[in-house]
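Peer 1: fold the following, please.
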Amino acid sequence: MEARDVKARSGHRSPGFFLLALIMVALCQASAQPGIRIRSLAFEGVTALSVNELRENFLTKEGQGLSRSLLNSDVRNLIARYNAEGYVFCSAEPVVKYDDDSSSAAVTLFVKEGNPVVIGSVEVIANPPMVVSPEDGPAGLNRGDVFHPGMVEQGIERMLRGLEKRGYPFARATVDRIEFVSGTAVDSAAIVFSIDPGPRTLVTEFQVEGNTTTDRSVIVREARLAENQPFSDETAKLVKRRLDRLRLFSSVSLPELFITEQQRGGILLRVKEGNPNRFDGVLGYVPSTGKQKGFVTGLVDVEFRNLFGTARSFSARWIRENQTTQDLMVRYREPWVASIPLDAQLGFSQRKQDSTYLRRSYEIEATYSILDDFSVGFSFHQSSVFPSERINNPVAGSETSILGGSVWYDNRDNPMNPTEGVSYRSSYEAGNKSFSNGGSARLTRVTFDLEYHFSPVVRQVLALALHGRDVASNILEQSDLIQIGGTSTLRGYRESQFLCARVAWMNIEYRFLSGQRSQLFGFLDGAYLALQDRPSAGLIGSEQSKLGYGFGARIDSGFGVIGFSIGLGEGDTFRTAKLHLRLINEF
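Peer 2: The predicted structure follows:
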């Protein structure tokens, strides 16, 4: 995107670097003088650094064959080590003294450390003249700091990044001169930088290539690039991340800066349309026990993420937990309401709980993106419970209205298959519940979700998650309770097997990545569940902890991502393990 005089050195060393180092050591050993063994290795004149540290870093060792090339390489590394500590004028001379029979030799390294050099002054000269602000200066180069060449290079990089942010993407920065002044204990360096800012370029035009379904205005809107603003490498990476998160494109290139015929700045956004729609199906089997026969559970989740190329989405989900319980949910999302980063969502859900009750819920949610990774949300829920007409039904008819607020933070590198990053969400809801018999109750709900992913080893990921739920009311019924168990919460148990008013559970998963979307994994889930004693509602108080564990795999195929998992709860054997098959297909 721009021309620069100095490029930052990366601390990452490729496998080729280590291979080259091994070859150099082998060549040096091959060039060792035959029959001459190093009897001793000594350092003279070393006061600023540790002799033991220098000796450990030397490849030349006592008892090994003498290699002049390896010794010279060690000397160069030693001088570089001194330079990093500010001893710019350090020199070292190896002296080899052979024994009388020439079978061994004593190696002595005579070091002249010189004075350390500190930064005395830093000056920045702009050519042509311009107003140099503090952010244009080489941050990190302060008077009195230890001087070494690497700091100068880093200072130039900081200057160029600062100029980019101010609208000078074609700026050039060089070291005009460095003057050293001798002192009694330390020397000082006066550094003069020269800046050629180039033309100031602001973004006034946007071009999009590769979009065949998604509307151009959607891409420009989601890029969040304002006109007449500077553009930098950091902004380019941020824009790419924003577009990747939409999950509408199979690939997004880094935005490119170009100059128009009118000498104005323009941004080129290149995308490649992907598969914006998703089908997620889960088929589960719960083995028979002594009390009941085995049965099949299932989930069908369909999502259309780019209706008419506008990034609007519609989703529907159906869950069958057992022979008599099922859940249905439908949602529609409208992005950027009133042309601000405010997403509105409408939802409807219906749950049929065996022969106890039927619950219908309507919800309105609004989420405002304050930052790229941070959002706040507000919600309103209206639900109705219709009890069945069975005798002694503990659930009463009721109407519930709830208002809530939430916060959300997510900096994961890939929401679908993350390898690093944190996701956090918490919410608080409060409302009133009115019963058909004329009574009423106060109802509050609290949720907490925290996920952390990191990669301790290449192509391996440790995923840690902690979740919490709490519901409180002076009149608590079965329809208000939290349902835990199954493939998305506590594996190794039946779907929604446990009812509780307070729960905290964790999921630990270690993944071995075999492809971009393929992996093998093992998991350990644990939960603490609590329920108050409410005899009038047919609820028996309890506190219990549960543990589940197992393994599984996800395989990327032509049909989509095919996954399976085998979960075992407390007291389970492989005969009574819970099996889940899953298919995620994007189309």
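
Peer 1: what's the spacing between V186 and A472?
Peer 2: When Cβ to Cβ, to the nearest Å is applied, the distance between V186 and A472 equals 67 Å. Heads up, the C-betas are built off the backbone N, CA and C, glycines and all.

Peer 1: what pLDDT does the model give the residue in the chain sticking out farthest from the centre?
Peer 2: Each residue of the chain has a distance to the centre, and by Cα atoms, centre = their mean the biggest one is for D100: 64.2 Å. The predicted local confidence for D100 comes out at a pLDDT of 82.

Peer 1: which SS class is it?
Peer 2: Secondary structure for D100, judged by DSSP: H, G, I helix; E, B strand; the rest coil, is coil.

Peer 1: need the strands for the stretch 301-450 of the chain, in chain order.
Peer 2: Along the stretch 301-450 of the chain, counting by DSSP state E, counting those that start in this stretch, strands occupy 312-320, 326-334, 342-353, 357-369, 374-387, 398-410, 421-435, 440-457.

Peer 1: oh, I was asking about the stretch 1-150 of the chain
Peer 2: Taking DSSP E, counting those that start in this stretch, the strands of the stretch 1-150 of the chain run over residues 37-44, 91-98, 104-112, 117-126.

Peer 1: buried residues in the third one, which are they?
Peer 2: Read that as strand 104-112. In terms of neighbour count (16 or more other Cβ atoms under 10 Å), strand 104-112 has its buried residues at S104, A105, V107, L109, V111.

Peer 1: packing partners of that strand?
Peer 2: For strand 104-112, the packing partners by 3 or more Cβ pairs under 8 Å, 6 or more residues apart in numbering; DSSP states H and E come out as strand 37-44, helix 68-84, strand 91-98.

Peer 1: can I get the ones you listed in TSV including distance to H580 and mean neighbour count?
Peer 2: As requested, the helices and strands packed on strand 104-112 are arranged in TSV below (distance: least, Cβ to Cβ, whole Å; neighbours: other Cβ atoms under 10 Å):
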stretch	distance to H580	mean neighbour count
strand 37-44	63	16
helix 68-84	55	17
strand 91-98	66	14
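
Peer 1: now those in a markdown table, with distance to P287?
Peer 2: Putting the helices and strands packed on strand 104-112 into a markdown table (distance: least, Cβ to Cβ, whole Å) gives the following:
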| stretch | distance to P287 |
| --- | --- |
| strand 37-44 | 70 |
| helix 68-84 | 64 |
| strand 91-98 | 74 |
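
Peer 1: so which of those comes closest to L342?
Peer 2: Of all the helices and strands packed on strand 104-112, it is helix 68-84 that lies closest to L342, at 51.1 Å by Cβ to Cβ.

Peer 1: restrict the closest one to CA atoms and write it as PDB.
Peer 2: What follows is the C-alpha trace of helix 68-84 in PDB, where atoms were taken according to Å, rounded to 0.1, in the frame of the first residue of the first chain:
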ATOM      1  CA  ARG A  68      37.400 -21.000  13.400                       C
ATOM      2  CA  SER A  69      34.200 -20.300  11.600                       C
ATOM      3  CA  LEU A  70      32.000 -21.300  14.500                       C
ATOM      4  CA  LEU A  71      34.200 -19.200  16.900                       C
ATOM      5  CA  ASN A  72      33.900 -16.100  14.600                       C
ATOM      6  CA  SER A  73      30.100 -16.600  14.500                       C
ATOM      7  CA  ASP A  74      30.100 -16.600  18.300                       C
ATOM      8  CA  VAL A  75      32.100 -13.400  18.400                       C
ATOM      9  CA  ARG A  76      29.600 -11.700  16.100                       C
ATOM     10  CA  ASN A  77      26.700 -12.800  18.300                       C
ATOM     11  CA  LEU A  78      28.400 -11.600  21.400                       C
ATOM     12  CA  ILE A  79      28.900  -8.100  19.900                       C
ATOM     13  CA  ALA A  80      25.200  -8.000  18.900                       C
ATOM     14  CA  ARG A  81      24.300  -8.900  22.500                       C
ATOM     15  CA  TYR A  82      26.400  -6.000  23.700                       C
ATOM     16  CA  ASN A  83      24.800  -3.700  21.100                       C
ATOM     17  CA  ALA A  84      21.400  -4.600  22.400                       C
END
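
Peer 1: for this structure, which spans come out with low pLDDT?
Peer 2: Across the chain, residues meeting the criterion (pLDDT under 70) sit at 1-35, 130-140, 290, 391, 536-538.

Peer 1: show the contacting residues for N507.
Peer 2: With contacts taken as Cβ atoms under 8 Å, 6 or more residues apart in numbering, N507 has the following neighbours: A463, L464, A465, H467, F523, L524, D525.

Peer 1: ignore what I typed, I meant E365.
Peer 2: Each residue near E365 by Cβ under 8 Å, 6+ apart is listed here: A344, Q345, G347, G377, F378, S379, F380.

Peer 1: one more time with 6 Å, if that's ok
Peer 2: Taking Cβ atoms under 6 Å, 6 or more residues apart in numbering as the contact definition, E365 lies against Q345, S379.

Peer 1: for R264, see how far away it is.
Peer 2: In terms of Cβ to Cβ, E365 sits 41 Å off from R264.

Peer 1: swap in E227?
Peer 2: 10 Å.

Peer 1: repeat that for K237.
Peer 2: Going from K237 to R264 by Cβ to Cβ gives 23 Å.

Peer 1: and the residue farthest from the centre of the chain, what does it touch?
Peer 2: Neighbouring residues of D100 by Cβ under 6 Å, 6+ apart: there are none.

Peer 1: please report how far it lies from S479.
Peer 2: The spacing between D100 and S479, counted by Cβ to Cβ, is 99 Å.

Peer 1: may I ask which helix or strand encompasses A190?
Peer 2: If you go by DSSP states H and E, A190 is part of strand 187-196.
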